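J.: Output the structure for:
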Amino acid sequence: MWYLKSYFTFLVSSILTVAGFVQDVVAELPAHRQVTYISLQKEDGKYYTLERNANHEWTFELPKKPVLARLEGEVYHSGFNAPLRVELNGKEIGILRVNLPNLRDGAYDFFKVPRPEAGREGFSFVADATSWQPGWIFLERPFFLEGTNRIRLISSLDMLYIRDLRLELLSELPTEGAMDLSRNQSVPPLDNTPFSLPPLVSLQQGKWKPYAPPSLPRYTALYFSAHWCGPCRAFTPQLVKWYQKIRIKNPDFQLIFVSCDRSAADMLNYARETQMPWPAVPFDQIEASGVRRWSASGIPYLIFFGPDGLPVSQKDRQWRSPDTVLKDIEKVLADSESPNP
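T.: Alright, predicted model coming up:
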C-alpha cells in the first residue's frame, strides 16, 4: 500500500487509448504535477442513463499498471444515497462515493410512495437531488491489468445519470514524497507505558452510545483504520467475521476501533457500513486519550496487548500485516486456554 505525501515529480511517458471512446488527454499541469487522464464520456458529450440493476462497461488499454488511479464523474440520481457499485476487471472494488447536499430547501424533490412492507404507515419518501453531484473512488494497482482493462458501473436506483466520467492515472511513483511500507526502516520505538482503556462508545441503532465493558478485558487489540483507505475497507468485513468467531471462546478479549478518518461523520459512516461489532474511541477523544502513540506507519493496522498492558509481539511502530497480527492473537489466546502442566 502506498501513501503519496507531496506533489508528483514525474513525467508521463506514454499515451493511453480508450476503446471506442475519446482519446486520452495528458493534463496540462506544472511539470511536477502531471498526470494522465482517460475520458469515458460519450463522444457527443451527453450523459449515460442507468436504470435499476442496469450496468455500463468501458474498455481501455494500459501499457502497464498505474501506481494509483481515481475514477471521478458527476451523478444525478433519485434517493438520499447513490449505491453505484464499481467493478474493475470483474472484481467489485467499492461504491462510487457521492457528495450529497444538505436537506435544505431546493436541494431535493420529495415524493411519497407506497411501501406495504414498511409497517403500520405503509409508505415512505424518496428524494431526487435537484443538481449534479461529484462522485469518485480510488482504484488500486493490484486490480489493474497490463493491456485491456474493463470498468463496469452497476446501479441499484430506479434512475441514475452519469456525466463527465474519467480516470485520473498516476503511472509512475514520484521520486520524492512517497513511502514504501515494505521497506520503511526508520520507525520510532513503541511507548513503554502500559495500555489502559480510554473512554469508549459502541454503535447502537446507527448511533454512538457510551460503552461500559461488563468486565475489564485481559487482552486488547487496537484497530487503526479509515473509510478513505481502500485496503481498510477490504479488510474490515473479514475482521468482523473473525471477531465474532473469536469472541465466542474468548470473552476476555476486546478489539477497539481507533479511527484515522478525517471527520466524526466519516468515522460513523464507516462503522455503519461495515456494522462494526466492537467498541471505539470517540472521535473527539482520540488525541486526548493518547492512543495514537500506539499507531504505526500505515493502515489497516492492529496492535495486540497482553494482561500487563504491553504489546505482545510488536517491538516498534513498523507496520505489520493485520493477517499476521491475527495469527499472533489466535496463538496467544489458544495458549491462555490451555491448562497449566
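J.: mind listing what's buried in stretch 316-333?
T.: For stretch 316-333, the neighbour count (16 or more other C-beta atoms under 10 Å) marks 317-320, 322, 325-326, 328-329, 332-333 as buried. No exception for glycine: its C-beta is placed from N, CA and C like everyone else's.
J.: want to throw those residues into a markdown table with distance to Phe235 and pLDDT?
T.: Shown next, in a markdown table, are the buried residues of stretch 316-333 (distance: C-beta to C-beta, whole Å; pLDDT from 0 to 100):
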| residue | distance to Phe235 | pLDDT |
| --- | --- | --- |
| Arg317 | 19 | 71 |
| Gln318 | 18 | 75 |
| Trp319 | 13 | 79 |
| Arg320 | 13 | 81 |
| Pro322 | 6 | 88 |
| Val325 | 11 | 90 |
| Leu326 | 10 | 92 |
| Asp328 | 16 | 90 |
| Ile329 | 15 | 92 |
| Val332 | 20 | 91 |
| Leu333 | 20 | 90 |
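J.: Where does the prediction get shaky in this structure?
T.: 1-34, 78-83, 99-101, 104-105, 115-121, 172-192, 337-341 (pLDDT under 70).
J.: So which other helices or strands are in contact with the longest helix along it?
T.: Using DSSP state H, we find that the single longest helix of the chain is helix 230-249. Helices and strands touching helix 230-249, by 3 or more C-beta pairs under 8 Å, 6 or more residues apart in numbering; DSSP states H and E, are strand 91-95, strand 133-140, strand 219-225, strand 253-259, helix 264-274, helix 322-337.
J.: quick one: contacts of the fourth one?
T.: With contact meaning C-beta atoms under 8 Å, 6 or more residues apart in numbering, strand 253-259 is reached by 197, 200, 213, 217-226, 239, 243, 246-247, 266-267, 270-271, 276, 278-281, 283, 286, 291-292, 295, 329, 333.
J.: repeat that for 6 Å
T.: 217, 219-224, 243, 267, 276, 278-281, 283, 291 (C-beta atoms under 6 Å, 6 or more residues apart in numbering).
J.: now stretch 164-172
T.: 10, 12, 35-41, 66-71, 73-74.
J.: sec struct for Arg152, please.
T.: strand (DSSP: H, G, I helix; E, B strand; the rest coil).
J.: can you offset everything so residue one is 35?
T.: In the new numbering, first residue 35, that becomes Arg186.
J.: List the contacts of it.
T.: So Arg186 contacts 89, 91, 121 (C-beta under 6 Å, 6+ apart).
J.: could I get these as CSV with secondary structure, neighbour count and distance to Ile337?
T.: Formatted as CSV, the contacts of Arg186 follow (DSSP: H, G, I helix; E, B strand; the rest coil; neighbours: other C-beta atoms under 10 Å; distance: C-beta to C-beta, whole Å):
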residue, secondary structure, neighbour count, distance to Ile337
Asn89, strand, 12, 41
Glu91, strand, 10, 42
Glu121, strand, 17, 34
